[in-house]
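Trainee: please work out how this folds:
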Amino acid sequence: NEISVAVKPHEANAFTTGLDDYFKNHALSELGFYSLKPAGLLLANEDRAYSMTILEEGLTTLDSIDWSHYYPHMEENPGMQEMWRAVSDQAAILHAMGNKTHGDMAARNIATNPDGMTFFIDWEHAQLSDNKTRDAETRFNRSYADLSVLLESMCLPSHADIGGKAGIGIFYGKECDWWEAFCDVF
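Mentor: Purely as a prediction, here's the structure:
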């Protein structure tokens, strides 16, 4: 059979991140999270791997959307508000038990499809466990790590290149407290 796939190359720690991306997409499905459907894995050598998922036509990531006019007039953009509501709901479910994290919750790793679904992708840095967490501080630290990456992604402008990372600039150039603005959006 022929299927259309999306191919994600892995170069840094290719063997580990390629396997992680492939198997964690399987695990997320078992945990009830919507994510890309894994289609295969190619381990070319220890420096190059490719994880493949079933191609979803029309899939886009939040970093490809122009967010410059979203904040502070969020109510004028109900579709965008719905995307952030979906992101916050999924993050709350993911973090509820304190034993799961995404590992790189930046806007570039949040996708939306033509059916209106918004969901996380690129799970190779995730921690997924069934073990109970030791204490509230551990649970907090895990969710804080994800949310701080998301906040940074919302603050950095799209033209930034900080360690190879750019943002979506929701708050860039705006006279506001970025933490309060994040709380308004998220």
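Trainee: I'd say residue 182 and residue 153 touch.
Mentor: No: the pair residue 182 / residue 153 is not scored as a contact, 10.5 Å apart, by C-beta atoms under 8 Å. Heads up, the C-betas are built off the backbone N, CA and C, glycines and all.
Trainee: got the buried residues for the helix or strand harbouring residue 30?
Mentor: Element membership for residue 30, per DSSP states H and E: helix 14-31. Within helix 14-31, the residues scored as buried using 16 or more other C-beta atoms under 10 Å are 14, 17, 18, 19, 20, 21, 22, 23, 24, 25, 27, 28.
Trainee: neighbour count winner among residue 182 and residue 153?
Mentor: Per other C-beta atoms under 10 Å, whichever of residue 182 and residue 153 has more neighbours is residue 153, with 24 against 18.
Trainee: can you put the buried residues of helix 14-31 in JSON lines and add pLDDT?
Mentor: JSON lines is the format used below for the buried residues of helix 14-31 (pLDDT from 0 to 100):
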{"residue": "14", "pLDDT": "89"}
{"residue": "17", "pLDDT": "88"}
{"residue": "18", "pLDDT": "89"}
{"residue": "19", "pLDDT": "89"}
{"residue": "20", "pLDDT": "90"}
{"residue": "21", "pLDDT": "90"}
{"residue": "22", "pLDDT": "91"}
{"residue": "23", "pLDDT": "92"}
{"residue": "24", "pLDDT": "92"}
{"residue": "25", "pLDDT": "90"}
{"residue": "27", "pLDDT": "90"}
{"residue": "28", "pLDDT": "89"}
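Trainee: helices or strands up against the helix holding residue 30?
Mentor: strand 5-10, strand 38-45, strand 48-54, strand 127-128 (3 or more C-beta pairs under 8 Å, 6 or more residues apart in numbering; DSSP states H and E).
Trainee: any chance you could list what contacts that helix?
Mentor: Applying C-beta atoms under 8 Å, 6 or more residues apart in numbering, the external contacts of helix 14-31 come out as 8, 10, 35-38, 40-41, 43-53, 100, 122-126, 128.
Trainee: chain neighbours aside, what residue packs nearest to residue 14?
Mentor: residue 49 (4.1 Å; C-beta to C-beta, 6 or more residues apart in numbering).
Trainee: in the sheet, who's paired with that neighbour?
Mentor: residue 10, residue 43 (DSSP bridges).
Trainee: that one: neighbour count?
Mentor: Other residues near residue 49 number 24, with proximity taken as other C-beta under 10 Å.
Trainee: tell me how far it lies from residue 129.
Mentor: Relative to residue 129, residue 49 is positioned 23 Å away (C-beta to C-beta, to the nearest Å).
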